[in-house]
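Visitor: Quick check, what structure comes out for this input:
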Amino acid sequence: KNPQIGTTVTANGSSGQAEKAAEVRLEGERGNVAVVDTVTYENLEEGKEYKLIGVLKNKTDHKVVAVKVGDVFHPNEENETQIDFGEVTLNVGKEYIVYEYLFAGDEELVTENQRGNDARGINEADKEKALASHENDNDKAQSIIVTEKEVPPTPKPRPKPETKNPQIGTTVTANGSSGQ
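Guide: Got it, this is the predicted structure:
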């Protein structure tokens with residue numbers, strides 16, 4: 001059986017699901033977002049080592065935002081592992097997608113020499129060596145939507161009621177005589 005992988009992205013605690021992308025609300029035009037991708041797998045050989053490369057891209061133009069080479073792992077009972085992209089700067093009004101690639105743990109990869117937010121993404125030669133990949137733009141579970149946080153409007157100070165010069169009228173009565 002061929003290895004297979006699937007992914008679920010979590011951004012600032014909001015997880016993508018089959019029917020709904022992870023949603024992040026930010027104040028301003030951009031902000032740092034904690035991105036972690038949980039990768040599920042099937043048909044991996046017990047006792048063998050594997051590694052993953054995750055690529056976070058802008059969903060519209062496919063511009064690479066971040067590349068992360070995961071730690072070497074052994075298949076576990078949960079059939080899942082994680083790639084932590086750390087804090088990534090994302091823009092409001094954009095949608096992002098995570099692609100994942102699975103490799104043998106001892107595979108020498110050019111991409112491993114790239115660091116951080118490398119715009120090259122995954123090396124094409126490396127891509128061909130992948131045992132499995134998950135590159136589905138329509139998979140909401142691996143998508144992040146960034147929207148602007150609604151900031152409640154600052155309440156306007158209430159105008160003070162206009163005060164007119166108060167006037168008081170008095171009439172004094174003393175021993176039956178009224179003054180006017």
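
Visitor: What is the burial count for the closest residue to V35 other than its chain neighbours?
Guide: Excluding the flanking residues, the one nearest V35 by Cβ to Cβ, 6 or more residues apart in numbering is F85, at 4.1 Å. Glycine gets a C-beta too; all of them are placed from N, C-alpha and C. F85: 21 surrounding residues under other Cβ atoms under 10 Å.

Visitor: now K48
Guide: Neighbour count of K48, defined by other Cβ under 10 Å: 11.

Visitor: what's the helix or strand encompassing G6 in contact with?
Guide: Element membership for G6 (DSSP states H and E) is strand 4-11. By Cβ atoms under 8 Å, 6 or more residues apart in numbering, the residues outside strand 4-11 that reach it are 15-17, 22-24, 33-43, 52, 90, 98, 100, 102, 132-134, 139, 141-144.

Visitor: Check stretch 25-33 too.
Guide: 11-12, 24, 87-92, 144, 146-151.

Visitor: that older thread, make sure the residue nearest to V35 is indeed in a strand.
Guide: Yes - F85 sits within a strand when classified using DSSP: H, G, I helix; E, B strand; the rest coil.

Visitor: Which neighbouring residues are in contact with it, exactly?
Guide: 35-37, 54, 56, 66, 68.

Visitor: between the contacts of stretch 25-33, which is closest to L109?
Guide: V88 (21.1 Å; Cβ to Cβ).

Visitor: secondary structure class for that closest one?
Guide: The three-state label given to V88 by three-state DSSP is strand.

Visitor: On the pLDDT front, check it for me.
Guide: As predicted, V88 sits at a pLDDT of 94.
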